[in-house]
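# any chance you could fold what I've pasted below:
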Amino acid sequence: MSFDQCEHEKRTLIISFGKYLNPNEKNVTKLYTDACVALGIIPGVFTSRDADHLPSPGESAISHPESPLISVCPKCGERTYVLEGICQKCKDSEGGKYKARKKCYKCGEQEKFEDHLVTVLDRLGISYGNQSKNSLGIRTLTDEGLK
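Take a look at the predicted model:
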């Protein structure tokens, strides 16, 4: 997961051109793709490795199957059963009742928990403790060598 400032600015510029071409479109990927076609550029693939965000749970299930947050789905038997937090404002939390869940990104099977994600992790024996951004592999523009 590395952030490339030049690539980010290039994509932002291309997306801005896409907004100029189609001001009513809200899908950023479509804006990027349409602008690339208009400019004659081959569109690059958006992945979390190239972006400034952590991978989504679905991406993690596919690209990091060895993660302790991923287990075998009881319904389909695939190793795509991901433990994740649920936003308290999302419909899936059912009014804030559920705070974590295990969800299969292949068949859709899920199990919800009323406890917070950290509590569920503790029960499973998974503890990340306090870590620095360096130990987590996070680099920012203010880090030495990125200026």
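# where does E9 fall, helix, sheet strand or coil?
helix (DSSP: H, G, I helix; E, B strand; the rest coil).
# need the per-residue pLDDT for K91.
Confidence at K91, expressed as pLDDT, is 87.
# next structured bit after the least confident helix or strand in the chain by mean pLDDT?
Ranked by mean pLDDT, DSSP states H and E, the helix or strand of the chain with the weakest confidence is helix 57-63, at a mean of 60. Helices and strands here follow DSSP states H and E; after helix 57-63, the next one along the chain is strand 70-71.
# buried stuff in stretch 27-46?
Buried residues in stretch 27-46, defined by neighbour count with 16 or more other CB atoms under 10 Å: 31-36. (C-beta placed from N, C-alpha, C; glycine too.)
# next, format these as TSV and append pLDDT and secondary structure.
Listed next are these as TSV, based on pLDDT from 0 to 100; DSSP: H, G, I helix; E, B strand; the rest coil:
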residue	pLDDT	secondary structure
L31	90	helix
Y32	89	helix
T33	88	helix
D34	90	helix
A35	91	helix
C36	89	helix
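# report the two of those separated the most.
The span of those, defined through CB to CB, is set by L31 and C36 at 9.7 Å.
# shared neighbours, the two?
Residues within reach of L31 and of C36 at once, by CB atoms under 8 Å, 6 or more residues apart in numbering: there are none.
# would you verify that E111 is located in a strand?
Yes. Counting by three-state DSSP, E111 is part of a strand.
# what bits of this protein have low per-residue confidence?
1-5, 45-66, 128-129, 136-137, 145-147 (pLDDT under 70).
# ranges for the strands of it?
Counting by DSSP state E, the chain has strands at residues 70-71, 81-85, 100-104, 110-113.
# where along the chain do the helices fall?
In the chain, helices defined by DSSP state H lie at 5-21, 28-39, 57-63, 117-123, listed in chain order.
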